[in-house]
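J.: Okay, predicted coordinates and the sequence, questions at the end:
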2 protein chains.
Amino acid sequence: MQTLNVDLGERSYPIHIGQNLLDQPLLGPFIKGRQVMVVSNETVAPLYLDRLRAQLGGFQVDTVILPDGEAYKDLDHVNRIFDALLSKRHNRTTTLVALGGGVVGDMTGFAAACYQRGVAFIQVPTTLLSQVDSSVGGKTGVNHVLGKNMIGAFHQPQLVLADTAVLSTLPERELSAGLAEVIKYGLIHDADFLIWLEQNMPALRQRDPEALACAIYRSCEIKAEMVALDERESGVRALLNLGHTFGHAIETDQGYGQWLHGEAVGAGTMMAADLSARLGWLDQADLDRVRRVLEAAGLPILPPDSMSADRFLELMAVDKKVIDGSLRLVLLKQLGQAVVTADFPMAQLQSTLTAGPRLGQG
Amino acid sequence: MQTLNVDLGERSYPIHIGQNLLDQPLLGPFIKGRQVMVVSNETVAPLYLDRLRAQLGGFQVDTVILPDGEAYKDLDHVNRIFDALLSKRHNRTTTLVALGGGVVGDMTGFAAACYQRGVAFIQVPTTLLSQVDSSVGGKTGVNHVLGKNMIGAFHQPQLVLADTAVLSTLPERELSAGLAEVIKYGLIHDADFLIWLEQNMPALRQRDPEALACAIYRSCEIKAEMVALDERESGVRALLNLGHTFGHAIETDQGYGQWLHGEAVGAGTMMAADLSARLGWLDQADLDRVRRVLEAAGLPILPPDSMSADRFLELMAVDKKVIDGSLRLVLLKQLGQAVVTADFPMAQLQSTLTAGPRLGQG
């Protein structure tokens, strides 16, 4: 087991990464009270809930099983968590445990942020995407019909437990979706890690445990560093959103759950790279590398045919990075270095949005 | 105009108290961006919305008008605020303004806490209760069918603007409800203020502007002091809940909006005093003073006949002050000094809950 620390003063917490951590007594020390509410979904609960419960002897353990999917990441389903907490009389010292992917983690974290104005929670992410990204950093929340992740809170967990063994049951598409976020860390912050990913993508897709552990560790390390610098995303943390403004627009347009978040981020990353090239920051060889690594990860590199430039602009106008009306995007100064900028000609953005199958081809 | 400061480091903010503050340019300096969303209700908006808007020239000003009453303080109605923010494309630099009583303030503050994971808000309380209590201190939230204020966040406003002139249109019952919280400050923290209240209750009920300003200022001063000591209610701040555990049970049992919050706190305060006397901390003369000052304020001093002791215990078991199963109550060591304690015989609590019309009569 490897352990990373997210350094946030009194809100600091460890991330444990390793094989079969679910079967080890790692949760107990992070539970203050006597009550635990495990939140999971219909897919994950049958696989792992009993194993998790076996480590929670001596506590009052209740469970909420939500339907599986981004389509259910809304206030109504968070309210089901509140229903369970109140009907089982959980008090302020309760601890919520999120057992599932990013959707379960985001909803459970938000419920923990709001229940009795804030209780403790633990993340037990069961997808690659949630292990490398969404379980770390304290962003929690739900979608609104008019925008993704528009309702939420910053609320840090007590502990993140990333058991790499659970990735063996992950569907192929979900693995690829997680790799989109892993590739992101290379693109925004670490050119050497990008090279490592280019070389190890086949091993990662074959779920080589050592390669996965390595990718998860480095991803969490980069994320922890950025979160420690900027917990509430007033600066550098925004770089973690490479591809996300385009990606969120795709997700919203297609309806939550049609495209996986990581798939939308994949296409969105290609769009961000394309615009970066139009600004003269990347050359064709860079674009080709971005496209190849996304393709090697099994990710889509083009947005849906049906989405017009106007539709993108309409949906991107509600992005959280919009400040006083000007759209800010995360773009690449070079491979391994990102910036947040509103300083690009609208005509270049239009070109990216209307590139169609020529996206990323200069 | 008098100004108090709530001292919370980088989250510090002023409370302005005075006549006709709505017509003065006091909001502008506290609005960072260019967008403002005013949230009000169907009763208050026709009276004061235009005057508030007149002070917001130069900003994009949108409004949400909610139905009036505690019965609507729920997630569904907070979602209406999100609907308005998203459909009008408010971004992270927006400022929400709560124009109304405690319900509007709690919901607006909670919406501000959650919209895009936290935006700014300003409280413009228009009831006595919200001016002396709920607008100060950053407690925000909504009710759940199984418990009052069970969903929420700590989120401090940028400014509280308490215009005492608006109290002239306040219904009699609402004025009395606000006085319950004013009396509370005397009982928990300031025996001299309690004496002042006993002497000035007729002037307060006649809405003498000077008496009201004095009561509001001293109430906010005590609250600001306790909030500064304990922002997230891990200690002394809990004393502000005198009468509230009993009161919340009454509100939940009767259905939100049947008893006003302050009315339930009135009866709850009498119950807390009764139990304090059973523990030997107050004598009959003290109990008589508590009853008389509550009656002079026009408040109920008995809980509903229909509520059994079992019903109280059932509802109080979900109170936020319950820790690991033991019920903690705010009680009075003497008039002017409160404690939070779980150390009372259940038999004495039962006696208070079954006292009926003999409550507070030794």
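T.: Nice, I can see it.
J.: Specify the residue ranges that define each domain of chain A.
T.: With domains defined by automatic domain parsing, chain A comprises A:2-167, A:172-358.
J.: Quickly check: the first one near chain B or not.
T.: If I follow you right, that is domain A:2-167. Yes. Applying Cβ under 8 Å from any Cβ of the partner chain, one finds domain A:2-167 touching chain B at A:33-35, A:75, A:79, A:82-83, A:86-87, A:89, A:91-93, A:113-118, A:139, A:141, A:144, A:146-147, A:150-154. (Each C-beta comes from the backbone N, C-alpha and C, glycine too.)
J.: check contacts around the one residue sitting closest to the centre of chain A.
T.: Among the residues of chain A, the one closest to the centroid is residue A:134, at 3.4 Å (Cα atoms, centre = their mean). Taking Cβ atoms under 8 Å, 6 or more residues apart in numbering or on different chains, we find residue A:134 in contact with A:101, A:102, A:105, A:106, A:125.
J.: and if you look at residue A:167?
T.: Residues in contact with residue A:167, defined by Cβ under 8 Å, 6+ apart, are A:127, A:128, A:131, A:175, A:207, A:212.
J.: Name the helix or strand for residue A:187, please.
T.: If you go by DSSP states H and E, residue A:187 is part of helix A:172-189.
J.: Report the buried residues of the helix or strand that comes right after that helix.
T.: With elements assigned by DSSP H and E, the helix or strand that comes after helix A:172-189 is helix A:191-205. Residues of helix A:191-205 classed as buried: A:193, A:194, A:196, A:197, A:200, A:201, A:204, A:205 (neighbour count, 16 or more other Cβ atoms under 10 Å in any protein chain shown).
J.: which of these are close to chain B?
T.: Among those, no residue sits close to chain B (Cβ under 8 Å from any Cβ).
J.: quick one: the helices in chain A?
T.: For chain A, the helices defined by DSSP state H cover A:45-54, A:75-87, A:102-114, A:128-129, A:172-189, A:191-205, A:209-229, A:244-254, A:261-278, A:284-296, A:309-316, A:346-353.
J.: For the third one, what is the distance to the chain centroid?
T.: When C-alpha coordinates are averaged (Cα atoms, centre = their mean, to the nearest Å), helix A:102-114 and its chain have centres 13 Å apart.
J.: I'd like to know which elements it is packed against.
T.: strand A:35-41, helix A:75-87, strand A:95-100, strand A:120-125, strand A:139-144, strand A:147-154, strand B:147-154 (3 or more Cβ pairs under 8 Å, 6 or more residues apart in numbering or on different chains; DSSP states H and E).
J.: and it with strand A:35-41, angle?
T.: 150 degrees (axes from the mean of the first three to the mean of the last three Cα atoms, to 10 degrees).
J.: Then the longest one?
T.: Compare the direction of helix A:209-229 with that of strand A:35-41 by the same axes, to 10 degrees and you get 120 degrees.
J.: I'd like the average pLDDT over helix A:209-229.
T.: Averaging pLDDT along helix A:209-229 gives 95.
J.: which residues are contacting that helix?
T.: A:2, A:4-8, A:15, A:17-19, A:128, A:131-133, A:136-138, A:160, A:162, A:164-165, A:167, A:181-182, A:185, A:189-190, A:193, A:196-197, A:200, A:203-204, A:235-237, A:239-240.
J.: List buried residues within these.
T.: Among the contacts of helix A:209-229, those classed as buried by 16+ other Cβ under 10 Å are A:4, A:6, A:15, A:17-18, A:128, A:131-133, A:136-138, A:160, A:162, A:164, A:167, A:181-182, A:185, A:189-190, A:193, A:196-197, A:200, A:204, A:236-237, A:239-240.
J.: Please identify which of the buried residues of helix A:191-205 is nearest to chain B.
T.: Nearest to chain B among those is residue A:193, at 27.8 Å by Cβ to the nearest Cβ.
J.: Which residue is the nearest non-sequential neighbour of that closest one?
T.: Nearest residue to residue A:193, sequence neighbours excluded (Cβ to Cβ, 6 or more residues apart in numbering or on different chains): residue A:186, at 4.3 Å.
J.: Which residues lie in contact with the closest residue to residue A:232 other than its chain neighbours in this structure?
T.: Spatially, and ignoring its direct neighbours in sequence, residue A:232 is nearest to residue A:154 (5.7 Å; Cβ to Cβ, 6+ apart). For residue A:154, the contacting residues are A:113, A:138, A:139, A:140, A:231, A:232, B:117, B:118, by Cβ under 8 Å, 6+ apart.
J.: In this structure the third one contacts residue A:152, no?
T.: Put plainly, it is residue A:139. Yes. Look at residue A:139 against residue A:152 with Cβ atoms under 8 Å: they come within range, at 6.7 Å.
J.: circling back: turn the helices and strands packed on helix A:102-114 into JSON lines, columns for mean pLDDT and distance to residue B:245.
T.: Converted to JSON lines, the helices and strands packed on helix A:102-114 look like this (pLDDT from 0 to 100; distance: least, Cβ to Cβ, whole Å):
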{"stretch": "strand A:35-41", "mean pLDDT": "98", "distance to residue B:245": "19"}
{"stretch": "helix A:75-87", "mean pLDDT": "97", "distance to residue B:245": "16"}
{"stretch": "strand A:95-100", "mean pLDDT": "98", "distance to residue B:245": "23"}
{"stretch": "strand A:120-125", "mean pLDDT": "98", "distance to residue B:245": "23"}
{"stretch": "strand A:139-144", "mean pLDDT": "96", "distance to residue B:245": "29"}
{"stretch": "strand A:147-154", "mean pLDDT": "93", "distance to residue B:245": "26"}
{"stretch": "strand B:147-154", "mean pLDDT": "93", "distance to residue B:245": "10"}
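J.: Let me know which of the ones you listed is the nearest to residue A:63.
T.: Among the helices and strands packed on helix A:102-114, the nearest to residue A:63 by Cβ to Cβ is strand A:35-41 (4.8 Å).
J.: Mind giving me the packing neighbours of the closest one?
T.: Against strand A:35-41 (3+ Cβ pairs under 8 Å, 6+ apart) you get helix A:45-54, strand A:60-66, helix A:75-87, strand A:95-100, helix A:102-114.
J.: before we move on, the earlier item: neighbour count added to the contacts of residue A:134, as CSV?
T.: Formatted as CSV, those follow (neighbours: other Cβ atoms under 10 Å in any protein chain shown):
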residue, neighbour count
A:101, 30
A:102, 25
A:105, 30
A:106, 25
A:125, 28
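J.: for those, which one is nearest chain B?
T.: residue A:106 (11.2 Å).
J.: Name the residue most distant from the centre of chain A?
T.: Largest separation from the mean C-alpha position in chain A: residue A:58, at 32.4 Å (Cα atoms, centre = their mean).
J.: pLDDT wise, what is that residue at?
T.: For residue A:58, the predicted pLDDT is 94.
J.: Repeat that for residue A:70.
T.: With respect to pLDDT, residue A:70 scores 87.
J.: Please apply the same query to residue A:324.
T.: Per the predicted model, pLDDT is 64 at residue A:324.
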